[in-house]
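Asker: pasted the sequence and its predicted model underneath.
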Amino acid sequence: MQSEKNLEQETTVEIFQGSKSQLLAQTVKTGIIKSNLIPMFAGLTLALYKYELNPVDLIMNIVAATVGSAAVIASAGAFNNAYDRDIDRLMERTKKRPTVTGEISVKTTLILATVLAIFGVGMLYVATPMAALLGFTGLFLYTVPYTMWTKRHTVYNTEVGSLSGAMPPLIGWAAINPNILNPAILSLFVITLIWQMPHFYAIAIRKMDDYKAANVPMLPAAKGMRRTYITTNVYLVLLIISCIPLGTLSYGLMSVAILLSIAWLIMNVYGYHKKDPKKWATLLFVYSLIHMTVLFSTVIIYSLVGLYFNLH
């Protein structure tokens, strides 16, 4: 009987601990953390390749950049959850977030976000002051201009939010070398910036009822499909152009980026004319994930292989 009681207590503790970890993961948005670390590593490895540096010699910078970036992104997610709880309860996909259900208090969320912000920026400073500055800038842009202002008031909220979302490649590069004016990393930054508009427009079309219910002026909900289609085409053309500066470092990377972007533009035109809005949006959304996964993976692999075999 005693062993069964102990087993029951241990099971209860495990469930409680698992529940707490799930609440924490939802509060800091671990999925977004993981997806943003990939472009950070792309920028970091590209800098290692560009300056022919041994990763072992810079292991502290790499660890600090990884931990610091994760903490800053987690902080942004927590701040966003705390501030947006009023509109999150109106949307089907967000109404079960712990800040909405009350499973985690606003005070606790804000304390967590603040601690993560201080720790994250501090870790990035260990890498380089420039990485810390970029991390803080990204956090500020996401929390204040985007979350607290433009998200609820203008169809250009995605453009403002994308400035923060494009910081990871710059942070990764700056963690290795503070000179962020190299054309290749600026190209990667602009690619990441522009990529977000078609990606989030696709999400907005798929979740249009949610955004309308919460009165969030996402472009598809506020201006309609035609305006979204035209705007998406404009951004995809700009995306293709923004790939060209990658050629200053690698014609191979430039070619991959351009081909991926051209394919996206063709897919957008085809999908809009041949499919209903939800299917068109799903096509764009899925391809946006493929685009970034392939591009950033190619950058990382190319940089590491080139570094290892001294292919410059």
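Answerer: The structure has been received and is ready for your questions. Numbers count the residues shown, from 1 in each chain.

Asker: where along the stretch 1-150 of the chain do the helices fall?
Answerer: Under the criterion DSSP state H, counting those that start in this stretch, the stretch 1-150 of the chain contains helices at 2-28, 30-50, 59-83, 85-88, 98-101, 106-127, 129-141.

Asker: mind checking which of those is nearest residue 255?
Answerer: Closest approach to residue 255 among the helices of the stretch 1-150 of the chain (Cβ to Cβ): helix 30-50, 15.8 Å. Every C-beta, even on glycine, is put in place using the N, C-alpha and C of the backbone.

Asker: okay, now the unreliable bits of the stretch 151-300 of the chain?
Answerer: Residue ranges of the stretch 151-300 of the chain with pLDDT under 70: none are present.

Asker: show me where it has helices.
Answerer: Assigned by DSSP H, counting those that start in this stretch, the stretch 151-300 of the chain shows helices spanning 151-153, 157-165, 167-174, 183-206, 208-213, 219-223, 225-242, 251-274, 277-308.

Asker: need the winner for burial among the ones you listed.
Answerer: Ranked by mean neighbour count, the helices of the stretch 151-300 of the chain are led by helix 167-174 with a mean of 30 (mean count of other Cβ atoms under 10 Å).

Asker: report how many residues lie close to residue 109.
Answerer: 22 (other Cβ atoms under 10 Å).

Asker: could you check the distance from residue 33 over to residue 73?
Answerer: Residue 33 sits 5 Å away from residue 73, going by Cβ to Cβ, to the nearest Å.

Asker: more neighbours, these two?
Answerer: A side-by-side neighbour count of residue 33 and residue 73, using other Cβ under 10 Å, places residue 73 first with 31 against 18.

Asker: list the contacts for the more buried one?
Answerer: Taking Cβ atoms under 8 Å, 6 or more residues apart in numbering as the contact definition, residue 73 lies against 29, 32-33, 36-37, 120, 168.

Asker: same question, residue 100
Answerer: Residue 100 makes contact with 85, 88-89, 94, according to Cβ under 8 Å, 6+ apart.

Asker: can you do 6 Å?
Answerer: Contact analysis of residue 100 by Cβ atoms under 6 Å, 6 or more residues apart in numbering lists 85, 88-89.

Asker: looking at the residues you listed, which one is closest to residue 225?
Answerer: Ranked by distance to residue 225 (Cβ to Cβ), the contacts of residue 100 are led by residue 88 at 25.5 Å.

Asker: any idea how far that closest one is from residue 101?
Answerer: Separation of residue 88 from residue 101 (Cβ to Cβ) stands at 10 Å.

Asker: neighbour count winner among these two?
Answerer: With neighbours defined as other Cβ under 10 Å, residue 88 and residue 101 compare such that residue 88 has more, 20 against 14.

Asker: apart from its neighbours in sequence, what residue is nearest the more buried one?
Answerer: residue 94 (3.9 Å; Cβ to Cβ, 6 or more residues apart in numbering).

Asker: so what's the backbone phi/psi at that neighbour?
Answerer: phi -120, psi 0 (degrees, to the nearest 10).

Asker: ok, it to residue 308 distance?
Answerer: 44 Å.

Asker: next: residue 35.
Answerer: Note on residue 35: its distance to residue 308, by Cβ to Cβ, is 26 Å.

Asker: repeat that for residue 89.
Answerer: In this view, residue 89 and residue 308 are 51 Å apart by Cβ to Cβ.

Asker: list the contacts for residue 240?
Answerer: Counting by Cβ under 6 Å, 6+ apart, residue 240 touches 258, 261-262.

Asker: got the confidence number for the nearest residue to residue 306 once chain neighbours are set aside?
Answerer: Nearest residue to residue 306, sequence neighbours excluded (Cβ to Cβ, 6+ apart): residue 49, at 5.1 Å. Reported pLDDT at residue 49 in the predicted model: 97.

Asker: residues touching residue 49, list them.
Answerer: Residues in contact with residue 49 (Cβ under 6 Å, 6+ apart) are 303, 306-307.

Asker: quick check, nearest of those to residue 198?
Answerer: Set against residue 198, the nearest of the contacts of residue 49 by Cβ to Cβ is residue 303 (25.8 Å).

Asker: is it true that that closest one touches residue 45?
Answerer: Yes - shown here, residue 303 and residue 45 form a contact pair, counting by Cβ atoms under 6 Å, at 3.8 Å.
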